[in-house]
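1. build me a model from this:
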Amino acid sequence: GNGSISKEELQTALAEDADIRFALRVTSGKKWAEIWEELDENNDGKVDENELARYLAKGEVQNAHKRIVSVAGRAREIFELADKDGNGWLSKNELKKLLQADFDIRDELRTAHGRHWADFFEEIDIDGDGRIQLQELEAYILKSHNERMRQQIASKKTTDDVVVGNGTGKEGLD
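-> I've put the predicted structure just below:
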């Protein structure tokens, strides 16, 4: 009721709610004592709504950065696999051979769903020079990753609306 929670109240909430515990832990990957120190910014022994919001937002920014670094690393791996002649760019033939040889990468790049590899090449070749640079592949993979994340979030919101709703289970089904 007073707009803040004590360390004990937070520990009780964490013990009772795995979702809260997971959100706080995943945000930082730190031990609970360290999490509390970061949450209680003004060291008053309590965490208010603004402190909690700032902590979670900071964690989201850090997690987004980690995803971007991870996606860029994966783009480099794929690029190096495809760049057989080592000239620093991918030709249509290099991309075609990689996609034909590696179904996992083809699925990962989302080209397996009725799309011709040449259409896919044109989509990645942002500057239209007939070659794919590493930066173009990184941009494409990051864009695809972000679209999938948005779809997952939208799907979760729809599911939550149906589950929570007014208890009838009919919300969002019309």
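
2. end to end on stretch 24-37, go ahead and measure it.
-> 13 Å (Cα to Cα, to the nearest Å).

3. chain center to that stretch: distance?
-> Distance of stretch 24-37 from the chain centroid (Cα atoms, centre = their mean, to the nearest Å) equals 20 Å.

4. how about stretch 69-88?
-> Here stretch 69-88 is found 20 Å from its chain centre; the criterion is Cα atoms, centre = their mean.

5. do the same with stretch 6-23
-> For stretch 6-23, the separation from the chain centroid amounts to 24 Å (computed by Cα atoms, centre = their mean).

6. got the buried residues for it?
-> 10, 14, 21 (16 or more other Cβ atoms under 10 Å). The way it works is simple: take the backbone N, C-alpha and C, and place the C-beta from them, glycine included.

7. can you name the residues in contact with the host helix or strand of the second one?
-> Taking DSSP states H and E as the criterion, L14 maps to helix 7-16. Surrounding helix 7-16, the residues in contact under the criterion Cβ atoms under 8 Å, 6 or more residues apart in numbering are 5, 20-21, 24, 32, 36, 39-40, 45, 47.

8. burial of E108, as a residue count?
-> 14 (other Cβ atoms under 10 Å).

9. distance check, it against I78.
-> According to Cβ to Cβ, to the nearest Å, E108 and I78 sit 8 Å apart.

10. same question, E123
-> Distance of E123 to I78, given as Cβ to Cβ: 15 Å.

11. okay, those two: which has more neighbours?
-> Legend: neighbour count by other Cβ under 10 Å for E123 and I78, higher for I78 (21 against 14).

12. neighbours of the residue nearest to N42 when sequence neighbours are not counted, just the number please.
-> Take N42 and drop its neighbours on the chain: the residue closest to it by Cβ to Cβ, 6 or more residues apart in numbering is E51, 7.6 Å away. Counted with other Cβ under 10 Å, residues neighbouring E51 total 18.

13. which residues touch E51?
-> The contact partners of E51, by Cβ under 8 Å, 6+ apart, come to 39-42.
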